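# Build me a model from this:
(one chain, ligands or ions: 2)
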Amino acid sequence: MFKAKIAVLGPVKSGKTSICNILSNAVERYGGDYRPTKGVRILEFESSYLQVNEKNINCEIELWDCSGDQKYKPFWPVFLHKTVGCILVYDPTSATDAKELDLFYDCIVDTPTNELQSCVVFANNKEKNKRVEKKLSSKFDELEHVIVDIEDDIKGVKSSFDAFLVDLLKKLWDMQYERDDLIH
Ligand SMILES: Nc1nc2c(ncn2[C@@H]2O[C@H](COP(=O)(O)OP(=O)(O)O)[C@@H](O)[C@H]2O)c(=O)[nH]1
Ligand SMILES: [Mg+2]
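Ligands and ions are numbered 1, 2, ... in the order given. Predicted structure coming up:
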């Protein structure tokens, strides 16, 4: 079975932990008080079966729910070690998240040493009635950008994740990634 380490990164309080809990089936629905993630939290689970290159496969996932607090920046290389997929989360209704996401892009996506094959941006509109504050800068144009709604559309969040996973697995497959290389 394929194994894939996927890191979830983005500004503090953008909803990374809530999204990870939904994706890993740790909770059935979103809710609860805010508890800052200390450094990183690793969730292990199996993906659903997905159609990849005409085969029905699933994948063992290590989801790294990373703190967005800049004080953990020295640990970003650890978060990224053998990471093949990355989900960048931000809240588009926040006045500062879009700008802050630039930093994550520059230090994580746009570094030559990383092993990232696939990256997606999840826009988590925490306050539905609030208008979108700032658009992402043009450097994000090449990345897939999806709006997620963990309050009212859990199915949609999961299918966005599955679509990202299919793209990631196709890339790993096409580059004939040795399955053992994904085990760490
Ligand atoms: N109303 C609402 N609250 C959210 C949403 N997503 C996250 N939150 C809340 O925002 C706070 C921060 O979320 P969390 O997932 O811990 O963010 P993280 O710091 O990025 O891991 C928590 O109190 C969550 O319950 C959302 O879509 N709607
Ligand atoms: Mg968190």
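
# now the strands for this structure?
Remark: strands assigned in the chain by DSSP state E are 2-9, 40-46, 50-52, 55-57, 59-66, 85-90, 118-124, 144-148.

# looking at those, which is buried most?
Highest mean neighbour count of these: strand 85-90, a mean of 26 (counted as mean count of other Cβ atoms under 10 Å). Yep, even glycine has a C-beta here, placed from its N, CA and C like the rest.

# does the closest residue to Glu144 other than its chain neighbours have beta-bridge partners, and which?
With Cβ to Cβ, 6 or more residues apart in numbering as the measure, Val120 is the residue that lies nearest to Glu144, at 4.7 Å, once sequence neighbours are left out. Val120 has the following beta-bridge partners by DSSP bridges: Ile87, Glu144.

# and Tyr105, how far is that from Glu44?
27 Å (Cβ to Cβ, to the nearest Å).

# what residues does the longest helix along the chain touch?
Longest helix of the chain, by residue count under DSSP state H: helix 154-174. Where contact means Cβ atoms under 8 Å, 6 or more residues apart in numbering, the residues beyond helix 154-174 that reach it are 2, 4, 6, 19, 22-23, 29-30, 47-48, 50-53, 57, 59, 61, 84-85, 87, 117-118, 120, 122, 144, 146, 148-150, 182.

# and the strands of the chain as a markdown table, adding distance to Lys158 and mean pLDDT?
Rendered in a markdown table, the data for the strands of the chain read as follows (distance: least, Cβ to Cβ, whole Å; pLDDT from 0 to 100):
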| stretch | distance to Lys158 | mean pLDDT |
| --- | --- | --- |
| strand 2-9 | 14 | 94 |
| strand 40-46 | 12 | 97 |
| strand 50-52 | 12 | 94 |
| strand 55-57 | 17 | 91 |
| strand 59-66 | 12 | 96 |
| strand 85-90 | 13 | 97 |
| strand 118-124 | 12 | 96 |
| strand 144-148 | 10 | 95 |
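
# Sweet, I'm off.
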